[in-house]
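In: here's my sequence, what's the structure:
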Amino acid sequence: MRLAGLVAMLMVAGCSRGSGGGDAGAGESAGADAGADAGAGAGAGADADAGAGAGAGAGADAGAGAGAGAPAVRPPLPPAPAGEAVRSTLTSLDREPLLRAELVRLREHFGGDAGRDARGPFSMQRAELAGGRSALLLSRPDESDPIVLALDRDQLLFAKERPTAGIASPAEHPVIAPGPEGGVAVFTWVSRLRLVAARMWADDANPYAELEVFHPAACDELHVAYAPKAGWVVACGSKDGAVAQRLKEDLTCSWAREGIAVGTASPVAHLAIAFDSPSSWKLTERASAVGGDRTVTFRYGLDGASLDR
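Out: Prediction:
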């Protein structure tokens, strides 16, 4: 489907509800072809820095296979660990060891031609990817000037200096997470259209998919947790409580278009999502109460049903 106004001139895969949403989705293929077809052309024009030579890897692999008489088969990467990206604040870019090899790039990104201040503080999110790799999303504390770095230890795999380019402005609360097949995903709240969108890249920097995830009424903060086979649990918190959606690994959704209400019905903040088993996850939130704010935790199955008794 084509999502008018969200991603200019891109084919966008809508997150349709899959039947039998309660299973982990390991063998589900109903939406896989749609997601793969959408991902094949997604981001072709919107992501200006999709990665120099993004298609070169495929050609090189094909050429190597042609000479050898059989295509080379890359062994699968160990899966990414379950959980959310870790968030932190950097007082300066050179305080983070992972960034030292990219300081010139980052100072140019945050300083720019206009001579803006490239000093801190900066917000950083770090997601652990498949195969021991990692992905970083850095921005200013007000979420402006985001940049994504995919790293293999201290080696840069690729950079996306405008990870939300082409998404209807303002694209708020960007969150980084592992993507399919060892890649990277960025989720963001598109307030003008009242939807949470996702942009995904393969592990070779090529665009993988553009998705509508769900349509909550409000989203003051956005959180995403990933687990192998379970997929992504995406939650928005606001003054009306929290709503969530599960995006399965075949890129179809488990629950209603607007998501499902989770946690308390009171104003919430400081959400956290964690998987506590292959078939269940927990939401922790800071909720308003008569005697003052309190931290509460709720447990759910992959079908969205409460497991609290």
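In: show me where the stretch 101-250 of the chain has its strands.
Out: With strands called from DSSP state E, counting those that start in this stretch, the stretch 101-250 of the chain shows them at 122-128, 134-139, 147-152, 155-160, 171-178, 184-190, 195-201, 207-214, 221-227, 231-238, 241-247.
In: in TSV: the ones you listed, plus distance to residue 102.
Out: (Each C-beta comes from the backbone N, C-alpha and C, glycine too.) As requested, those are exported to TSV (distance: least, Cβ to Cβ, whole Å):
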stretch	distance to residue 102
strand 122-128	12
strand 134-139	9
strand 147-152	6
strand 155-160	6
strand 171-178	16
strand 184-190	15
strand 195-201	17
strand 207-214	22
strand 221-227	24
strand 231-238	27
strand 241-247	29
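In: CSV for these, including mean pLDDT and distance to residue 300?
Out: Conversion of those to CSV gives the following (pLDDT from 0 to 100; distance: least, Cβ to Cβ, whole Å):
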stretch, mean pLDDT, distance to residue 300
strand 122-128, 97, 22
strand 134-139, 97, 26
strand 147-152, 97, 29
strand 155-160, 96, 32
strand 171-178, 97, 18
strand 184-190, 98, 19
strand 195-201, 98, 18
strand 207-214, 97, 15
strand 221-227, 98, 12
strand 231-238, 97, 8
strand 241-247, 97, 8
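In: what is the least confident helix or strand in this protein?
Out: Least confident helix or strand, the chain: helix 32-41 with a mean of 36, by mean pLDDT, DSSP states H and E.
In: in CSV, list the C-alpha atoms belonging to stretch 251-265.
Out: In CSV, the C-alpha atoms belonging to stretch 251-265 read as follows (Å, rounded to 0.1, in the frame of the first residue of the first chain):
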residue,chain,number,x,y,z
LEU,A,251,6.3,-7.6,9.8
THR,A,252,2.6,-8.1,10.5
CYS,A,253,0.9,-6.9,13.6
SER,A,254,-0.8,-8.9,16.3
TRP,A,255,-3.3,-6.4,17.7
ALA,A,256,-5.8,-3.8,16.6
ARG,A,257,-4.8,-0.8,14.4
GLU,A,258,-4.9,1.5,17.4
GLY,A,259,-3.0,-1.0,19.6
ILE,A,260,-4.2,-2.3,23.0
ALA,A,261,-4.4,-0.5,26.3
VAL,A,262,-1.8,-1.7,28.8
GLY,A,263,-0.8,-0.8,32.3
THR,A,264,-2.9,1.7,34.2
ALA,A,265,-5.5,4.1,32.7
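In: circling back: turn the strands of the stretch 101-250 of the chain into CSV, columns for distance to residue 295 and mean neighbour count.
Out: Shown next, in CSV, are those (distance: least, Cβ to Cβ, whole Å; neighbours: other Cβ atoms under 10 Å):
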stretch, distance to residue 295, mean neighbour count
strand 122-128, 22, 21
strand 134-139, 26, 22
strand 147-152, 31, 22
strand 155-160, 34, 18
strand 171-178, 21, 23
strand 184-190, 23, 25
strand 195-201, 24, 26
strand 207-214, 25, 26
strand 221-227, 15, 23
strand 231-238, 13, 25
strand 241-247, 13, 26
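In: what about residue 131, distance to residue 93?
Out: Using Cβ to Cβ, to the nearest Å, we find residue 131 at a distance of 26 Å from residue 93.
In: and those two? which has more neighbours close in?
Out: Neighbour tally, residue 131 and residue 93, criterion other Cβ atoms under 10 Å: the higher count belongs to residue 93, 20 against 14.
In: what's the spacing between that one and residue 225?
Out: Computed as Cβ to Cβ, the residue 93 to residue 225 distance reads 27 Å.
In: repeat that for residue 130.
Out: 16 Å.
In: tell me the spacing between residue 76 and residue 130.
Out: Look at residue 76 and residue 130: by Cβ to Cβ, they are 8 Å apart.
In: the more surrounded of the two?
Out: Neighbour count, other Cβ under 10 Å: between residue 76 and residue 130, residue 130 has more, with 19 against 10.
In: residue 81 and residue 127 touch, don't they?
Out: No. Residue 81 is not in contact with residue 127 according to Cβ atoms under 8 Å; the separation is 9.5 Å.
In: so who does residue 272 touch?
Out: Going by Cβ atoms under 8 Å, 6 or more residues apart in numbering, residue 272 touches 84, 223, 283, 284, 285.
In: list buried residues within those.
Out: Taking 16 or more other Cβ atoms under 10 Å as the criterion, what is buried in the contacts of residue 272 is 84, 223, 283, 285.
In: who's the last one bridged to?
Out: Note on residue 285: beta-bridge partners by DSSP bridges are residue 296.
In: then the first one?
Out: When bridges are assigned using DSSP bridges, the partners listed for residue 84 are residue 225.
In: measure it to residue 131 for me?
Out: The value you get for residue 84 to residue 131, if Cβ to Cβ is used, is 19 Å.
In: go on, the last one?
Out: As defined by Cβ to Cβ, residue 285 lies at a distance of 32 Å from residue 131.
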